[in-house]
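Student: need a 3D model of the sequence below.
(chains A and B)
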Amino acid sequence: MIIQKSMTNLYLGSSLVLISFIDVFLNSFFQLNLTGFFPGSISLFLPLILGTIGFYLIRADYTGIKHLDILNKNVNTSNFNAVLTLLIIFLIIKAIPPSMSWMVFDANIAGDSRDACTGTGACWTYIKVWFKRFMYGMYPNELHWRVNVAFILVIALGMLGLFAKEKLKKYLALYYVIIYPIIAFLIIYYLISGGAFGLEWVETGAWGGLSLTFIVSFFCLIFCFPLGMVLALGRRSTLPTIRYISIGYIEFWRGVPLITVLFMSSVMFPMFLPEDFFMDKLVRVIIAITLFEAAYCAEVIRGGLQALPRGQYDAAKSLGMGYWKMHIFVILPQALKLVIPGIANTFLALVKDTPLIFVVGLAELAGMLALAKTNPEWLGFAMEGYVFASIIFWIICYAMSKYSYNLEEKYKTER
Amino acid sequence: MTDSIIKIHNMNKWFGDFQVLKNINFDVEPNKKIVVCGPSGSGKSTLIRCINRLEEHQEGTIVVDGNELSENTKDIENIRANVGMVFQQFNLFPHLSILDNCTLAPIWVKKMPKKHAEELALNQLKKVQIDDQASKFPGQLSGGQQQRCAIARALCMEPKIMLFDEPTSALDPEMIKEVLDAMVSLAKGGMTMIVVTHEMGFAKEVADEVVFMDEGMIVERAETKEFFANPKSDRTKLFLSQIL
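Tutor: Sure, this is the predicted structure:
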């Protein structure tokens, strides 16, 4: 008897919820208002009212169906939660059709001129036509292979550490901190910049697009991390000079906005240099961002150092280890493991800060968009560009954050 | 009479305004086993931490194995390498395996070849009966096993003196015995040991002398039998009546 009653409630509730979904669904996909015969406000709220009653009925009894009871316990716990659940589902149903039709159904991708874009949706033709510019900036079309080869080489060398033999493992840190950045710099300098080995010179002003995003992020990341580490150790040093220099450095760079640092690097900085000393704008920008982000890295790493129990220092000292041995073998491996999430955070912020270099005239991905949208032939497609850039940045950042989770997992040991 | 391996003379130490150690005179001859006891806050741990300069003293002299400890001591690392220490909280390195915990310092401080260091470490781990755990990480071991590993780690540096800072205080009662056993066999091997502990049974079994400290001062120092049979000061008598 009891079982039968609860099943009635369940069926009635489910059908009410279903009706409310169908109503909203038809409403947003086919502009069809089933409840139009009701007065305006009731018609608007009817799905919500029906759904809430439906959820109430579903919740009224324990059904004995395991999954449904789990759902009741976690989602459908009260009328308020039922309303929230419904609103979120309705919002998704409402939002998907317009965005899908803009991005896919009404969008154009065929053709290679503005005239191809006839639909009301997005004009992906614009992205297609400008794609090479978004990737390589003003870099000469016939030389794009040089950028590709350089990146493949740099990535391959970066992966080298994964295949290192057991015997060479202890030199890995040395490789990544010193040798790898130098080799990467030489590859990028000679291949992308050219000017030697019969390769045509391409000035850095012509570099741009996503490849420039990668170059700037890459060098800033690999340089700011060791610098941050040194600063973090310096800030905890017992030698007052080193400590105050570190504190001063960190507080200075944390106190100024990145955009002013970039302006300084391109406008003010050359004034202080001797006349015959020339430093490329891109190099100056990379140095500026590196110095800036190192201060943030330093504070994150310091957090990790402080989280270690004092006993670890005591134990290392009592075994006769000096400052450097203690830090290299005992303290830093543990501290850096603790700060992986924080470092990932800083690095993600760094990658997303790179568009700021547009203010000194370097056009990476977002910068190229800003240039392209003002092109008289292609006015009015800023939206497509920014959606495209958002997707690209999201993919990069998501990959980085996934990688950081992997690292956390890999180095997890029980305390 | 042999020359003392540790000589502490008129030593004073402050933490800020608070004087933790007052006028300490404390000599230890080689191969002696000394137990330091006293109520908490009496400065026992601070005293033995001063011996390998984990804490700095402000006045007086400390001479360890012929080297005076002072701000100017250049090779404090070499002195520490000769003084092993075992801590209350074990302080194993959680990111390294048991074996690596034991070989790290011999390889990098003593420049021992890796193979030799591993042999030595396994040998020491065998003595404390955890050589079968060598490839595990500290977090996978029980407290007693961790503390025995910490003893083995200190011994791998082949020190002349071993300091124990309440080695059994953080352990479950069941595990205390296995750690004490390891210490007893070490004592029988002739090591110079200074042990801060509340384990009076251990003191009676292995200690040559017992030192009683209170409020930063050495109140009484006597041969073990004498100490337990005829304590001289009232403070010692009170302490013993409470813990025995």
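Student: drop to CA atoms for contacts and neighbour counts, all remaining ones
Tutor: OK.
Student: can you count the residues close to residue A:260?
Tutor: Here the neighbour count serves as a burial measure; for residue A:260 (other C-alpha atoms under 10 Å in any protein chain shown) it reads 11.
Student: just the element for it, please.
Tutor: Using DSSP states H and E, the element containing residue A:260 is helix A:258-263.
Student: kindly export the following helix or strand past that helix (C-alpha atoms) in CSV.
Tutor: Towards the C-terminus, the helix or strand next in line after helix A:258-263, according to DSSP H and E, is helix A:269-272. This file holds the C-alpha atoms of helix A:269-272, laid out as CSV (Å, rounded to 0.1, in the frame of the first residue of the first chain):
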residue,chain,number,x,y,z
PHE,A,269,65.0,52.4,-19.9
PRO,A,270,66.8,53.1,-23.2
MET,A,271,67.5,56.6,-21.9
PHE,A,272,69.7,55.3,-19.1
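Student: ok now helix A:269-272, how far from the chain's centre?
Tutor: On the basis of C-alpha atoms, centre = their mean, to the nearest Å, helix A:269-272 sits 33 Å off its chain's mean C-alpha point.
Student: contacts for the helix holding residue A:260, please.
Tutor: Contacts with helix A:258-263, where a contact means C-alpha atoms under 8 Å, 6 or more residues apart in numbering or on different chains, come from A:285, A:288-289, A:292, A:356-357, A:359-360.
Student: how about stretch A:292-310 and chain B, any contact?
Tutor: No. No part of stretch A:292-310 sits close enough to chain B to count as contact by C-alpha under 8 Å from any C-alpha of the partner chain; the gap is at least 8.7 Å.
Student: what segments of chain B are strands?
Tutor: In chain B, strands defined by DSSP state E lie at B:6-15, B:18-28, B:33-37, B:59-64, B:67-68, B:83-86, B:161-165, B:192-196, B:209-214, B:217-223, listed in chain order.
Student: pick out the shakiest of those, pLDDT-wise.
Tutor: For the strands of chain B, mean pLDDT drops lowest on strand B:67-68, to a mean of 82.
Student: contacts only, for the residue in chain A that chain B sits nearest to.
Tutor: For chain A, the nearest residue to chain B under the criterion C-alpha to the nearest C-alpha is residue A:320, separated by 4.3 Å. By C-alpha under 8 Å, 6+ apart, residue A:320 lies in contact with B:76-82, B:105, B:109.
Student: name the residues of stretch A:386-402 that are buried.
Tutor: Residues of stretch A:386-402 classed as buried by neighbour count (16 or more other C-alpha atoms under 10 Å in any protein chain shown): A:386, A:388-389, A:393, A:397, A:400-401.
Student: adding pLDDT and secondary structure, write those out as CSV.
Tutor: Converted to CSV, these look like this (pLDDT from 0 to 100; DSSP: H, G, I helix; E, B strand; the rest coil):
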residue, pLDDT, secondary structure
A:386, 87, helix
A:388, 87, helix
A:389, 87, helix
A:393, 91, helix
A:397, 92, helix
A:400, 91, helix
A:401, 91, helix
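Student: so where's chain A uncertain?
Tutor: Confidence mapping of chain A against pLDDT under 70 gives the ranges A:1-6, A:31-36, A:39-40, A:61-64, A:170, A:198, A:413-415.
Student: can you list the domains in it?
Tutor: A:2-97, A:124-139+A:202-410 (automatic domain parsing).
Student: most tightly packed of the ones you listed?
Tutor: domain A:124-139+A:202-410 (a mean of 18; mean count of other C-alpha atoms under 10 Å in any protein chain shown).
Student: hey, which helix or strand in chain B has the poorest pLDDT?
Tutor: When each helix and strand of chain B is scored by mean pLDDT, DSSP states H and E, strand B:67-68 comes last, with a mean of 82.
Student: centre of the chain to that one, how far?
Tutor: For strand B:67-68, the gap between its own C-alpha mean and the chain's C-alpha mean amounts to 19 Å (C-alpha atoms, centre = their mean).
Student: re the thing from before, could you point out which of the domains of chain A sits nearest residue B:36?
Tutor: Across the domains of chain A, the minimum distance to residue B:36, taken as C-alpha to C-alpha, is reached by domain A:124-139+A:202-410, at 19.4 Å.
Student: can you name every helix or strand that the helix or strand hosting residue A:348 contacts?
Tutor: Secondary structure assignment for residue A:348, by DSSP H and E: helix A:340-353. Using 3 or more C-alpha pairs under 8 Å, 6 or more residues apart in numbering or on different chains; DSSP states H and E as the contact criterion, the neighbours of helix A:340-353 among helices and strands are helix A:209-235, helix A:281-307, helix A:382-410.
Student: JSON lines for those, including distance to residue B:28?
Tutor: As requested, those are exported to JSON lines (distance: least, C-alpha to C-alpha, whole Å):
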{"stretch": "helix A:209-235", "distance to residue B:28": "38"}
{"stretch": "helix A:281-307", "distance to residue B:28": "36"}
{"stretch": "helix A:382-410", "distance to residue B:28": "48"}
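Student: what residues does chain A have near chain B?
Tutor: With the criterion set to C-alpha under 8 Å from any C-alpha, chain A comes near chain B through A:311-312, A:314-315, A:317-322, A:325, A:330, A:333-334, A:413-415.
Student: is it true that residue A:330 touches residue A:312?
Tutor: Yes. Taking C-alpha atoms under 8 Å as the definition, residue A:330 is a contact partner of residue A:312 at 7.4 Å.
Student: write out the residues of chain B neighbouring chain A.
Tutor: If contacts are counted using C-alpha under 8 Å from any C-alpha, the residues of chain B sitting beside chain A are B:52, B:54, B:76-85, B:87, B:89, B:91-95, B:105, B:108-109, B:137-140, B:154, B:157.
Student: this completes my enquiry, with thanks.
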